[in-house]
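Peer 1: Predicted model and sequence follow; I will ask about them next.
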Protein chains: 2
Amino acid sequence: MARPTIADIADKAGVSKGAVSFALNGRPGVSDATRARILQIAEQMSWRPHSAARALGASRVDSVGLVIARPARTLGVEPFFAHLVSGLQSGLSAHSISLQLLIVEDTDAEIEVYRRWSSEHRVDGVILVDLTVKDPRVEALRALELPAVVIGGRGGKGALPSVWADDRDAMLSIVDYLAALGHRRIAHVAGTPNFQHTQRRIRAVRDAIPRLGLIDAPSLTTDFSDAEGAATTRKLLSQAERPTAIVYDSDVMAVAGLGVAMEMGVAVPGDLSIVAFDDSILTQLMHPALTALSRDTFEFGRQAAEVLLEVVAEPAKVINLRTADPVLTVRESTAPPKQ
Amino acid sequence: MARPTIADIADKAGVSKGAVSFALNGRPGVSDATRARILQIAEQMSWRPHSAARALGASRVDSVGLVIARPARTLGVEPFFAHLVSGLQSGLSAHSISLQLLIVEDTDAEIEVYRRWSSEHRVDGVILVDLTVKDPRVEALRALELPAVVIGGRGGKGALPSVWADDRDAMLSIVDYLAALGHRRIAHVAGTPNFQHTQRRIRAVRDAIPRLGLIDAPSLTTDFSDAEGAATTRKLLSQAERPTAIVYDSDVMAVAGLGVAMEMGVAVPGDLSIVAFDDSILTQLMHPALTALSRDTFEFGRQAAEVLLEVVAEPAKVINLRTADPVLTVRESTAPPKQ
DNA sequence: CTGAGGTGATAAACCGGTATAGCTCCTGCA
DNA sequence: TGCAGGAGCTATACCGGTTTATCACCTCAG
């Protein structure tokens, strides 16, 4: 007997299937003595529920989904997703929920996946990342009535539940530090403008200008690629009035920017300070090692999992959980500007 | 009516559930006219099979699994897994099979996952990576009768089906090139010694010594971390007779090694040539950009998916598919040695 | 002594598909 | 004319759980 079923257990225990089900799920209907006996037999036969059978009856599949819509090429350098996935699983495995991961090319494909998952009952809910300004996924998920939690995008009213970190505060902590070092010409190499977090960071920089008495603090958007990160840096360093510090919206762009500085003979941190808005092994491998904003992505994922499970259990619930603030890890790429 | 079932379709079409099932699965038993009518109604009601129901009856779940046993911390820098997963999904989605991904801490946990997946019928088969010399997973999977495909490890007799690239040839292509440039003192910073591919690479280097007339070619094992990569490099460059070229078993270690060379004032590629046995954006971001061995990991994953599906359909099948050979991408970190 | 109410269990329906036995025609051939 | 055989379809069992209706039995209050 390879895979015992509850019928096998019922036979052996001399009770009905129903009694076994009650016993195994810890619900009333059987005496403590019978329950103990059933549990012991189940244990001994090393019984496990057949996930499909349970899903069919109970209409929950104990599985949630995460779709990442990025070309595979740009993925993987960023530890972000690996850590996020690990954190998610850590939060889910405590409840024996499995994670379905899918990488697709674009948002249309992503929505299509949600549609399929929903109609095939493959997941109980999903995690959303990279929220854009007018994100079509929000409406699609609402229409499908598929529980969802947004990561990173703070929900307004009528929005989906979310788990978010304060991008604004984080960016301010960087700019404040640079200003305190004496920098007055700061540049910001931002990511894709349609991401909500990009917008928030740009706004934070702009708002800080008068307060900190900055001469200038332009935000230049890119597609997050190393190529555009390098090109933008080249442009910035070719100006008559160079910035003395550059903040990059990702670690990859920061590394590319460091390369450009070296290539142009601009000393880091002597002539130029560099900060990455995202930490990873990449920033630590560089010479000089890059000052970076560290986020606890693992914990982020864990919390998102918890929130999603709450929302799955109670779809009407509105949760907006703010996670721990990111901290600035100062390394060798930042210093006061030369006079 | 939110989610139509085949019973709904049967009602509307005025036929039995069985007829609908036949029609939707393209099997004989209904006339072409009826089939067409049923398909049209199904389409119109946007019917999708309930995955759990199908799994329960047909005892296949249209889902395969991949477990990665590495501490989350070291993951993610390596684009390898991201590309592999994308490739796998590309190969699977053509057959509407989904991929279950799990990251765990160690091999014991990994085997535990297989056990759970198997008894809960959550997957039809699994993909194995990072095969070690006496890998306990092989026996565990055989005992569970869970179809599996090994990635990277070429199976001997009695082994699991596999998809593999020729590590030996790949390593030889690197060493041959370095020798052709004139290098006679070559060092090899290898990965964890218990990995099969590490063993094969070490053997390839050793065997090449007499043929190429190398003075020396030691292979030093590490744990694949940047820290050990750096430490090993430091040791090598501190010797009286320095190697003039170093081959690293991973891109991360190669980057760390480059850092050490710079820190010690060893010019790359003037005094030292560096080659990474694995390509990624990391190697391209460096200055100088690193010569690296490029593998088509995406294609690798695609082929593995195909093979796994064959094995799932026919468990007795023995397949050992050799993939395209990796190619050496020469960049700026290699040059003839100074006299 | 009787009836209400709670406890511990069972039998059977159900979830949404797939697989199979069997039934009804219709056709073709002897 | 009779019958074998196949096409086309139906009815039903089945997969492995969960859930509900029902029931026997015991206890206790009136």
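Peer 2: Yep, it's here.
Peer 1: near chain B, which residues of the stretch 151-300 of chain A show up?
Peer 2: Applying C-beta under 8 Å from any C-beta of the partner chain, we find that the stretch 151-300 of chain A lies next to chain B at A:226, A:252, A:255-256, A:259, A:262-263, A:280-282, A:284-287, A:298. C-beta: built from backbone N, CA, C; applies to glycine.
Peer 1: Which ones among those lie within helices?
Peer 2: Among those, the members falling in helices (DSSP state H) are A:Asp226, A:Val252, A:Val255, A:Ala256, A:Gly259, A:Met262, A:Glu263, A:Ile281, A:Leu282, A:Gln284, A:Leu285, A:Phe298.
Peer 1: quick one: the closest residue to the first one other than its chain neighbours and B:Met286, what's the gap?
Peer 2: Sequence neighbours aside, A:Ala256 is the residue nearest to A:Asp226 in space, at 4.0 Å (criterion: C-beta to C-beta, 6 or more residues apart in numbering or on different chains). Noted for A:Ala256: a distance of 10 Å to B:Met286, by C-beta to C-beta, to the nearest Å.
Peer 1: neighbour-wise, which of the two wins?
Peer 2: Looking at A:Ala256 and B:Met286 with other C-beta atoms under 10 Å in any protein chain shown, you find the greater number of neighbours at A:Ala256, namely 26 against 23.
Peer 1: Which pLDDT value goes with that one?
Peer 2: With respect to pLDDT, A:Ala256 scores 94.
Peer 1: do A:Val77 as well
Peer 2: Looking at A:Val77, its pLDDT stands at 59.
Peer 1: picking up where we left off before, next, the contact list for the residue nearest to A:Asp226, please.
Peer 2: Residues in contact with A:Ala256 (C-beta atoms under 8 Å, 6 or more residues apart in numbering or on different chains) are A:Asp226, A:Ala227, A:Gly229, A:Ala230, A:Thr233, B:Leu285.
Peer 1: repeat for A:Ile68
Peer 2: Residues near A:Ile68 by C-beta under 8 Å, 6+ apart: A:Leu75, A:Phe81, A:Leu101, A:Leu102, A:Ile103, A:Val104, A:Val129.
Peer 1: That one should be in a strand, yeah?
Peer 2: Yes. The assignment for A:Ile68 is a strand, going by DSSP: H, G, I helix; E, B strand; the rest coil.
Peer 1: Beta-bridge partners for A:Ser98, please?
Peer 2: Under DSSP bridges, the beta-bridge partners of A:Ser98 are A:Ser63.
Peer 1: list the contacts for it?
Peer 2: Taking C-beta under 8 Å, 6+ apart, one finds A:Asp62, A:Ser63, A:Val64, A:Leu92, B:Gln100, B:Leu102, B:Arg122 in contact with A:Ser98.
Peer 1: And the residue of the stretch 101-250 of chain A closest to DNA strand D?
Peer 2: Minimum separation of the stretch 101-250 of chain A from DNA strand D (C-beta to the nearest atom of the strand) falls at A:His121, amounting to 12.8 Å.
Peer 1: shouldn't that residue be in contact with B:Arg54?
Peer 2: No. Counting by C-beta atoms under 8 Å, B:Arg54 is not a contact partner of A:His121; they are 10.2 Å apart.
Peer 1: so where is the stretch 51-200 of chain A shaky, pLDDT-wise?
Peer 2: Applying pLDDT under 70 to the stretch 51-200 of chain A flags residues A:72-78, A:155-158.
Peer 1: residues in it within reach of DNA strand D, list them.
Peer 2: The stretch 51-200 of chain A has residues A:Ala53, A:Arg54, A:Leu56, A:Gly57, A:Ala58 near DNA strand D, with proximity defined as C-beta under 7 Å from any atom of the strand.
Peer 1: Mind giving me the PyMOL select for the residues you listed, buried ones only?
Peer 2: Buried subset of these, written as a PyMOL selection, criterion 16 or more other C-beta atoms under 10 Å in any protein chain shown:
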select buried, chain A and resi 53+54+56
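Peer 1: same for chain B: which of the residues of the stretch 51-200 of chain A next to DNA strand D are within range?
Peer 2: Here is what survives when these are matched to chain B using C-beta under 8 Å from any C-beta: A:Ala53, A:Leu56.
Peer 1: And the residues of the stretch 51-200 of chain A next to DNA strand D, which is closest to B:Thr192?
Peer 2: Taking C-beta to C-beta as the measure, B:Thr192 lies nearest A:Arg54 of these, at 39.3 Å.
Peer 1: can I assume the closest one is in contact with A:Arg48?
Peer 2: No. Using C-beta under 8 Å, A:Arg54 makes no contact with A:Arg48, being 10.2 Å away.
Peer 1: between the contacts of A:Ala256, which is nearest B:Thr244?
Peer 2: Closest to B:Thr244, out of all of these and judged by C-beta to C-beta, is B:Leu285, at 24.5 Å.
Peer 1: Can you tell me the closest non-neighbouring residue to the closest one?
Peer 2: Take B:Leu285 and drop its neighbours on the chain: the residue closest to it by C-beta to C-beta, 6+ apart is A:Val255, 5.1 Å away.
Peer 1: hang on, the earlier thing: a markdown table for the residues of the stretch 51-200 of chain A next to DNA strand D, including secondary structure?
Peer 2: Formatted as a markdown table, those follow (three-state DSSP):
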| residue | secondary structure |
| --- | --- |
| A:Ala53 | helix |
| A:Arg54 | helix |
| A:Leu56 | helix |
| A:Gly57 | helix |
| A:Ala58 | helix |
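Peer 1: Report the two of the residues of the stretch 51-200 of chain A next to DNA strand D separated the most.
Peer 2: Distance extremes for these: the farthest pair is A:Ala53 and A:Ala58 at 9.3 Å, using C-beta to C-beta.
Peer 1: Next step: the contacts of A:Ile68 restricted to helices.
Peer 2: Applying DSSP H to the contacts of A:Ile68, the entries found in helices are A:Phe81.
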